[in-house]
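Enquirer: Would you be able to build a 3D model of this:
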Amino acid sequence: MPFFGELFVGEILKKPVLDPRGDELGRVKDLVIVKGEPLPKVSALIIEKKKRLFKLPWTDLSIFNKRIISANVYGEALQPYELNESDLLLAGDILDKQIVDANGVKVVRVNDVKLEGFNTEAVLVAVDVGMRGIMRRLGVERGGEDLMRLFKKHLPYNLISWNYIQPLEPKLATISLTVPRQMVSELHPADIADIISQVSHQEGATLFKDLDIDVAAETLSELTPETQIDIIREMDTDKAADIIEEMPPDEAADILSDLPPDKAKEILEKVGIEEAEDIQELLSHEEDTAGGLMTTEFIAYPSEITVREAMEKFRKDAEEKETVYYIYVIDANEKLIGVISLRELLISDQDAKLSDIMVTQIKTISPEIDEKEVAAIISKYNLVAIPVIDAEGYLLGIVTVDDIIDRILPPAAKRRRKKV
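Expert: Numbering: from 1, shown residues only. Here you go, the predicted model:
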């Protein structure tokens, strides 16, 4: 059966379907969608007459366009239709569905669906997420165009190709053949978190579980505390541990501190020994202190190695750290004795020892001091990071300027750790 031209679903809903004599079989109630090559296709029309539903297979249609829909069968040949959970209905399941526009980095609503002819079938080619789709379904699209024309403007089309839709519901995912999961994974984690925050819990969890571990770790850091806990609580323990292990220890500690103790313990037991020790160390400090703010991700080298040796080690070590601002220098007992900026490391003689170029007058803080005092010290001395040491001079961690900013001026998605 030939399919003529293109149309939008909003143009044919409630449209009469005629039999070969021109009598009305019923009006279009919905369309049944099935998997197709290369795109999902229409397999049947659901038509309604006198409050009864009938199924009209696509192969029984003779004309299908926005002006005329006619069948090559008569009313007595129609089979009654009962709603079936296994059927995917275009109007019932796709219209008004929230989807991710990965190009626009936002969640949008399907206001209409565009169909085009492909060989002898009608395939889904795009969704309309703009005002046109809403107006079309209300039957006022032409009036909207005339109104815009008065102001010498036009009513824009806002279409997203079906190939670039990232459905969130598993039922929809079964009919999209080329869902580009990488498109979502390549977005900035803050954008992914923003998308997750706009959809339902179930949809957000579906989107999150498909992320790569490293992307998931960064995205989790950007979510609200409530969403973080919901996602981790329902996740497989092994995967949750993989994500927690990938996160900076201070952010991992923030999340684990809000989990039920049994769940947190279960995850920590799956995390690597070194990472688990770092997290447990951070959990032992009050949230509003330097110890509660610090991260244990820093780089410290012995004072006796050369600049050349330090640079070789740095190339490898820096890959595993979230942020690196300084090289900290420690003595034979691993106590902090100096600091070197990355600039100083780069311009110094390659054969010089770190003890020759380090700055020994270091601003340090103890883990117990209040976060406001930490902020004041960082601001006063224009620091990007400050080391946290214990009473004996051992380096425990560092507080970075971005941690201070997040604590004092937290964005909506940031959070504070509960006291433990």
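Enquirer: shaky segments in the stretch 1-150 of the chain?
Expert: 1-4, 102-105, 141-150 (pLDDT under 70).
Enquirer: Mind jotting down where the strands sit in it?
Expert: According to DSSP state E, counting those that start in this stretch, the stretch 1-150 of the chain carries its strands in the segments 6-8, 16-18, 24-34, 41-49, 52-57, 61-64, 69-71, 79-80, 88-89, 98-101, 106-109, 112-118, 121-128.
Enquirer: show me what contacts the most centrally placed residue in the chain?
Expert: Within the chain, one residue has its C-alpha closest to the average C-alpha position: by Cα atoms, centre = their mean, that is residue 192, at 2.5 Å. Shown in contact with residue 192 (Cβ atoms under 8 Å, 6 or more residues apart in numbering): 184, 207, 211, 215, 219, 222. (Each C-beta comes from the backbone N, C-alpha and C, glycine too.)
Enquirer: List the buried residues for stretch 118-125?
Expert: The neighbour-count check on stretch 118-125 (16 or more other Cβ atoms under 10 Å) flags 121, 122, 123, 124, 125 as buried.
Enquirer: Apart from its chain neighbours, what residue comes closest to the first one?
Expert: Which is residue 121. Among residues not flanking residue 121 along the chain, residue 41 sits closest, at 4.7 Å (Cβ to Cβ, 6 or more residues apart in numbering).
Enquirer: from the buried residues of stretch 118-125, which two are the most distant?
Expert: Within these, 121 and 125 form the most distant pair, 11.7 Å apart (Cβ to Cβ).
Enquirer: picking up where we left off before, so which of the contacts of residue 192 wins on neighbours?
Expert: In terms of neighbours by other Cβ atoms under 10 Å, the contacts of residue 192 top out with residue 219 at 28 neighbours.
Enquirer: Could you double-check that that one sits in contact with residue 210?
Expert: No. Applying Cβ atoms under 8 Å as the test, residue 219 and residue 210 come out as separate, 11.3 Å apart.
Enquirer: which of the buried residues of stretch 118-125 lies closest to residue 230?
Expert: Of all these, residue 124 has the smallest distance to residue 230: 32.2 Å, by Cβ to Cβ.
Enquirer: Next up, the contacts around the closest one.
Expert: Contacts for residue 124 (Cβ under 8 Å, 6+ apart) come out as 33, 39, 40, 41, 90, 113, 114, 115, 162.
Enquirer: which residue packs closest to the second one, ignoring adjacent ones?
Expert: Once its chain neighbours are removed from consideration, residue 39 has its nearest residue in residue 123; the separation is 4.1 Å (Cβ to Cβ, 6+ apart).
Enquirer: from memory the one you found sits against residue 36, does it?
Expert: Yes. Using Cβ under 8 Å, residue 123 is in contact with residue 36, at 6.1 Å.
Enquirer: Shouldn't residue 191 be within a helix?
Expert: Yes. Under DSSP: H, G, I helix; E, B strand; the rest coil, residue 191 sits within a helix.
Enquirer: Which among the strands of the stretch 1-150 of the chain is found nearest to residue 334?
Expert: Proximity to residue 334 (Cβ to Cβ) singles out strand 98-101 among the strands of the stretch 1-150 of the chain, at 48.1 Å.
Enquirer: Going by contacts, tell me the helices and strands next to the closest one.
Expert: Here strand 98-101 touches strand 106-109, strand 165-167, going by 3 or more Cβ pairs under 8 Å, 6 or more residues apart in numbering; DSSP states H and E.
Enquirer: Touching the longest one from outside, list them.
Expert: Contacts of strand 106-109 with the rest of the structure, by Cβ under 8 Å, 6+ apart, involve 96, 97, 98, 99, 100, 101, 129, 160, 194, 195, 198, 199.
Enquirer: Okay, now the sheet partners of that strand, with direction.
Expert: Applying DSSP bridges, strand 106-109 is found paired with strand 98-101 (antiparallel).
Enquirer: gap between the strand it pairs with and the chain center?
Expert: Between the centre of strand 98-101 and the centre of its chain there are 11 Å (Cα atoms, centre = their mean, to the nearest Å).
Enquirer: I'd assumed residue 299 was in contact with residue 324.
Expert: Yes. The criterion here is Cβ under 8 Å, and residue 324 meets it with residue 299 at 5.9 Å.
Enquirer: Pull up the overlap in contacts between those two.
Expert: With Cβ under 8 Å, 6+ apart, residue 324 and residue 299 have common neighbours 314, 318.
Enquirer: among the contacts of strand 106-109, which ones are buried?
Expert: Taking 16+ other Cβ under 10 Å as the criterion, what is buried in the contacts of strand 106-109 is 97, 98, 99, 100, 101, 129, 160, 194, 195, 199.
Enquirer: Save those residues as CSV, and put in distance to residue 288 too.
Expert: Converted to CSV, the buried ones among the contacts of strand 106-109 look like this (distance: Cβ to Cβ, whole Å):
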residue, distance to residue 288
97, 43
98, 38
99, 41
100, 37
101, 40
129, 44
160, 45
194, 28
195, 31
199, 33
